[in-house]
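K.L.:
coords please:
(2 chains)
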Amino acid sequence: MRRSSLLLTALLTLAACGTTGGGDAPTISTVVETTTETSEVVVTTTLDPVTTTTTGASAGFPVTVEADNGPVTIPASPEAIVSLSATATEMLFAIGAGDQVVAVDDQSNFPEQAPTTDLSGFTPNVEAILSHEPDLVVIGYDPGDLVAALTAANVPVLNYSQALTIEDTYRQIEALGSATGHADDAIVVNEQIETDLSKTVDDAPELPDGTNYYHELDNTFYTATSSTFIGQIYAMFGLANIADPADEDGAAFGYPQLSGEFIVSADPDLIFLANTLYGESAETVADRPGWDALTAVQEGNVVELDSDIASRWGPRIVDFAEYVADALVALVNEAG
Amino acid sequence: MTQVTIPDEAPSARVGWLPLTIGVLSVVVAGAISITAGAAGLDPMSVVKAILDTLPGISIDSGLTDVESSIVFEIRLPRIVLGAIVGAILAVAGGSYQGVFRNALADPYLLGVAAGSGLGATIALSVSGDSALIAPFAFVGGMVAVGITFALGRSVGSRSATSLILAGVAVSAFATAIQTYLLQRDSDTLREVYAWILGRLVTVGWGEVLELIPYALIATSVMFGSRRLLDVLSIGDEEAGALGVDVNRVRGLVVVAATLATAAAVSVSGLIGFVGIIVPHTIRLLFGWSYRVIIPLSILFGASFLMLADVVARTAVAPAELPIGVVTAFFGAPFFLLVLRTMRGPA
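P.N.:
Okay, the predicted model is just below:
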């Protein structure tokens, strides 16, 4: 049993680190509104670095930015960034700080030019990280003493754990912008995300009342409720989440494990699979006992998501929203 | 170590009608509660009607929709049946192990089944990522681990039960170390492996039930057939040998049967703990120390215990799930302590 409780601790830590976000986030929407007029720059959702160059990247340092591990002061514009968070890697490249990134962890597989190494963000090794001589380390998870160890080595660390809301995404991008000398670029990126998201949502078809969905994280029916980051994006489209009654008190941090018979009885209109990397597909879902009777299965509304896009809270949430929008178009077209 | 000496003519040597009736009733009641309870919130009467409707010669309109009846027959029922089979296997295998090793704490997990299966499941997920491979890999992992345990236990020279159990502890630790290493290397699989370790009756269907039935039947028959020999073994190896029992042959046969069945059960259900310890010991304390009592009653009470534990797992936080391994430990351990305190049986 000891092994189980160790794993339990690890998992709880992983889950709990999602709750340390929040905090006193600046009201990003205000920032974006003030810069709306200047949004000439084209930022595509494929994450090409923004084409602007921020005036005087070295200006403005030292700078103090807020992270989950508190205020962190960065003495000079970082030129050797190590990212141990796949989401942070995507954010850094999106805001044009990609050239300053020297190493990213083994899960950071996007964008293509990211310097992937065998560094692990899940079981980080401080010496391995320091061997890249970083002047800034961005992490998404601290197993216990990573921040302390790197701080002791005089390397500034920014911990940005999983976003709880879309506002967290904007806040993290903006903070990374300030930390890397790309503050203006970060604002542009945020604004572009916001514009693209609202356009995607606005263009999506009208849904019949009560259209609901099930977002599958793994094939033991772990899912995400509306209180999670991912659930909020579905909610933007007016979709109802079948899992909400399963975690009303938030005890599962918005990630409860559903009962199979509950999913079938809820009969969701749409099933989104975030576990396609792990062998699940529309076919395997249809093969599950009792699932062939589901509306979503019979009408072909089992949507296979890119597991990475559906689990990261970076700039590609726009791509995720487009997946959802496409699924809604298909849903409405069938009905019509 | 528990030395149990029950003379053949002792009144508790045979399972009486009362315990047997209670056992059968517990299975029926647990089954009835299981089939009518669930996260889908189906009307219990309709479910009962739907079940009766399937019996030959009876035709009742249950009023269930197609989706609702597929919930009952494709999701709920296979899970209940599998829970009953797994519970029976774990309990009877635990009871048999305690008999052949004359050790109150023995169960198949001790010889490396749990750790080996866990390693197998982890390899399946981290190498292929295909969760359909969990069951075969877990089965092979469990059998290989026990095989190594036996080889090691014998190579030490003595054939005593203690060296075998020590070998099991070492093999378990080794397999767990490799598993932890693989999980650390490949954190993506952590959640799935973890879900499996805590027991996953969540996703089973009739396919798993059919896979398990042959192992369950053969192994349970062997253990059931050996119940008298287990009583003879309980007086000690030499004494049993003097009575004409081939101790090593009996021990080998029972251990292979119990291990095979446990590995098969674990491979589809995950590591559900405590059943193999709690159920046989509760029976000992309540109904008697003879294996002619323990073995048959373990089958019945193991089945009903796990069915009821799964009811809790399915409904306590519905529509969310509790891992069944948590439920068996959470309710089983205190209950066992309670029984231990009240009965104060010979130890």
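
K.L.:
Low-confidence bits of the chain, can you list those?
P.N.:
Since no chain was named, I'll use chain A. Chain A contains residues with pLDDT under 70 at A:1-59, A:336.

K.L.:
try chain B instead
P.N.:
B:1-13, B:129, B:131, B:156-161, B:188, B:343-347.

K.L.:
Would you mind naming what in the stretch 51-200 of chain B lies close to chain A?
P.N.:
For the stretch 51-200 of chain B, the contact set with chain A under C-beta under 8 Å from any C-beta of the partner chain comprises B:66-68, B:70-71, B:73-76, B:78-79, B:118, B:125, B:128-132, B:176, B:179-180, B:183-185, B:187-188, B:190-192, B:194-198, B:200. Every C-beta, even on glycine, is put in place using the N, C-alpha and C of the backbone.

K.L.:
need the residues of the stretch 201-347 of chain B near chain A, please.
P.N.:
Residues of the stretch 201-347 of chain B lying near chain A (C-beta under 8 Å from any C-beta): B:202-203, B:205-207, B:271, B:273, B:314, B:317-321, B:323, B:325, B:329.

K.L.:
And the buried ones among the residues you listed, selectable in ChimeraX?
P.N.:
ChimeraX command restricting those to the buried ones, with burial defined by 16 or more other C-beta atoms under 10 Å in any protein chain shown:
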select /B:202,203,205,271,273,314,317,318,319,320,321,323,325,329
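
K.L.:
Could you give the number of residues near B:Ser128?
P.N.:
B:Ser128 sits with 14 neighbouring residues when counted by other C-beta atoms under 10 Å in any protein chain shown.

K.L.:
picking up where we left off before, so which of the residues of the stretch 201-347 of chain B next to chain A sit within helices?
P.N.:
Within those, residues falling in helices by DSSP state H are B:Trp206, B:Gly207, B:Arg314, B:Gly325, B:Ala329.

K.L.:
closest to chain A among the residues you listed?
P.N.:
Set against chain A, the nearest of these by C-beta to the nearest C-beta is B:Arg314 (5.8 Å).

K.L.:
ok now do the closest one, which residues does it touch?
P.N.:
When contacts are counted by C-beta atoms under 8 Å, 6 or more residues apart in numbering or on different chains, B:Arg314 touches A:Ser259, A:Glu261, B:Ala37, B:Gly38, B:Ala39, B:Arg79, B:Glu321.

K.L.:
count of residues packed around the fifth one?
P.N.:
B:Ala39 is surrounded by 26 other residues when neighbours are defined as other C-beta under 10 Å.

K.L.:
ok, now the fourth one?
P.N.:
A count of neighbours around B:Gly38, defined by other C-beta under 10 Å, yields 26.

K.L.:
my read is A:Ala114 is in a strand, agree?
P.N.:
No: counting by DSSP: H, G, I helix; E, B strand; the rest coil, A:Ala114 falls outside a strand, being coil.

K.L.:
wait, isn't it in contact with A:Met91?
P.N.:
No: the criterion here is C-beta atoms under 8 Å, and A:Ala114 misses it with A:Met91 at 11.4 Å.

K.L.:
Which one's more surrounded, the two?
P.N.:
With neighbours defined as other C-beta under 10 Å, A:Ala114 and A:Met91 compare such that A:Met91 has more, 30 against 21.

K.L.:
any idea which element the more buried one lies in?
P.N.:
Using DSSP states H and E, A:Met91 sits in helix A:86-94.

K.L.:
Tell me which residues touch B:Ser26, please.
P.N.:
B:Ser26 touches B:Leu300, B:Phe301, B:Ser304, counting by C-beta under 8 Å, 6+ apart.

K.L.:
Of these, just say which sits nearest to chain A.
P.N.:
Distances from chain A to the contacts of B:Ser26, taken by C-beta to the nearest C-beta, are shortest for B:Ser304, at 20.8 Å.

K.L.:
my guess is the closest one meets B:Ala91, correct?
P.N.:
No: with contact defined as C-beta under 8 Å, B:Ser304 does not count as touching B:Ala91 (9.8 Å).

K.L.:
Of these two, which one has the most company?
P.N.:
The residue with more neighbours, out of B:Ser304 and B:Ala91, is B:Ala91; 31 against 27, by other C-beta under 10 Å.
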